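Colleague: starting from these lines, generate the structure:
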Amino acid sequence: MMITEMDIACHLYGDNFSPNKVEQLTGLTLMNKIEIGDIRTKGVYEDKPSPYGDCVLYPPEKHKQTEDYGLLWLAENLSKHIELIKKCGAENIDLVIGVFYEGQCNFVLDPKAINIIGGLGISLQISCYDNY
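Modeller: Numbers count the residues shown, from 1 in each chain. Reported below is the predicted structural model:
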């Protein structure tokens with residue numbers, strides 16, 4: 001009975017947001033990048049130009065294998081770059097943790113990471129999923 005997986009991600013989006021600009025200015029690697037005007041492949045804007053930019057920031061694989069699943073890495077990098085990310089048009093910053101467990105869902109969040117996240121003024125969303 002334990003945690004089988006934690007999926008930690010930060011979703012960034014906004015009406016004037018450019019994921020490519022964030023990558024160029026920060027050196028971060030962003031996933032699922034959609035620039036304003038890109039044709040969307042699903043959702044409300046399927047087959048239409050996107051009216052907003054969005055992407056996802058995940059911890060690198062080597063950090064996902066650590067005890068905290070990369071939460072501290074993500075918190076530190078958000079803290080380091082949040083003002084620049086906002087200047088690139090991010091109006092929404094959603095930090096999301098998916099916890100997958102068997103039996104009982106007991107997990108610990110690193111206090112240093114929680115302190116950094118609290119200082120960013122963004123919400124931390126946690127969803128738990130039973131792997132039965």
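
Colleague: now do the strands in this protein.
Modeller: Using DSSP state E, the strands assigned to the chain run over residues 2-14, 31-34, 53-57, 92-102, 124-130.

Colleague: ranking these by burial, who's on top?
Modeller: Per residue and on average, the most neighbours among those fall to strand 53-57, with a mean of 22 (mean count of other C-beta atoms under 10 Å). Using the backbone N, CA and C atoms, a C-beta is placed for each residue, glycine as well.

Colleague: re earlier: out of the strands of the chain, which gets nearest to residue 46?
Modeller: Shortest separation from residue 46 across the strands of the chain is recorded for strand 31-34, at 12.1 Å, computed as C-beta to C-beta.

Colleague: want to throw the strands of the chain into JSON lines with distance to residue 71 and mean pLDDT?
Modeller: Written out in JSON lines, the entries for the strands of the chain read as follows (distance: least, C-beta to C-beta, whole Å; pLDDT from 0 to 100):
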{"stretch": "strand 2-14", "distance to residue 71": "5", "mean pLDDT": "94"}
{"stretch": "strand 31-34", "distance to residue 71": "17", "mean pLDDT": "97"}
{"stretch": "strand 53-57", "distance to residue 71": "12", "mean pLDDT": "98"}
{"stretch": "strand 92-102", "distance to residue 71": "7", "mean pLDDT": "95"}
{"stretch": "strand 124-130", "distance to residue 71": "9", "mean pLDDT": "95"}
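
Colleague: would you format those as TSV with distance to residue 80 included?
Modeller: Rendered in TSV, the data for these read as follows (distance: least, C-beta to C-beta, whole Å):
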stretch	distance to residue 80
strand 2-14	13
strand 31-34	19
strand 53-57	12
strand 92-102	14
strand 124-130	18
